[in-house]
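> Quick check, what structure comes out for this input:
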Amino acid sequence: MYLDFNKFNYRLVPDNEQAAYIQRDKLAYEEILKKWLDNNIKEIVERKWEIEEILFFEDSSDFIKLLKEAEALYEFGFYPKSPAKL
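Residues are numbered from 1 along each chain as shown. Below you'll find the model as predicted:
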């Protein structure tokens, strides 16, 4: 999974114009993310069902939190060899 977007070096523009450049780039990145999500939603949903569910624990240990993070990374295709599949 790869998103083709790099933040601009805002130090190259005058201070009074930086906020406009940042806002422009945030909107552009938002559109890239929306397009990526639209193009990948079916695969994300399918990967969710490949993972054995960990039940919700009110007082989650650090291990459970890390495991849930690994699940999310796998679901979104960022870590195809995730320990969440184990």
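> which other helices and strands contact whichever strand or helix holds Leu27?
Under the criterion of DSSP states H and E, Leu27 resides in helix 15-48. Here helix 15-48 is seen to pack against helix 62-75 when contacts are counted using 3 or more CB pairs under 8 Å, 6 or more residues apart in numbering; DSSP states H and E. The way it works is simple: take the backbone N, C-alpha and C, and place the C-beta from them, glycine included.
> tell me the average confidence for the helix it packs on?
For helix 62-75, mean pLDDT is 82.
> export that helix as CSV, just CAs?
What follows is helix 62-75, C-alpha atoms only, in CSV (Å, rounded to 0.1, in the frame of the first residue of the first chain):
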residue,chain,number,x,y,z
ASP,A,62,-0.7,-2.9,26.3
PHE,A,63,-0.5,-6.2,24.5
ILE,A,64,-4.2,-6.1,23.5
LYS,A,65,-3.8,-2.5,22.3
LEU,A,66,-0.9,-3.5,20.1
LEU,A,67,-2.8,-6.5,18.8
LYS,A,68,-5.8,-4.3,17.9
GLU,A,69,-3.4,-1.9,16.1
ALA,A,70,-1.9,-4.7,14.2
GLU,A,71,-5.4,-5.7,13.2
ALA,A,72,-6.2,-2.3,11.9
LEU,A,73,-2.9,-2.1,9.9
TYR,A,74,-3.7,-5.5,8.3
GLU,A,75,-7.3,-4.5,7.5
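> orientation of that helix relative to helix 15-48 in degrees?
Counting by axes from the mean of the first three to the mean of the last three CA atoms, to 10 degrees, helix 62-75 points 90 degrees away from the direction of helix 15-48.
> starting at the chain centroid, how far to helix 62-75?
A distance of 13 Å separates the centroid of the chain from that of helix 62-75, by CA atoms, centre = their mean, to the nearest Å.
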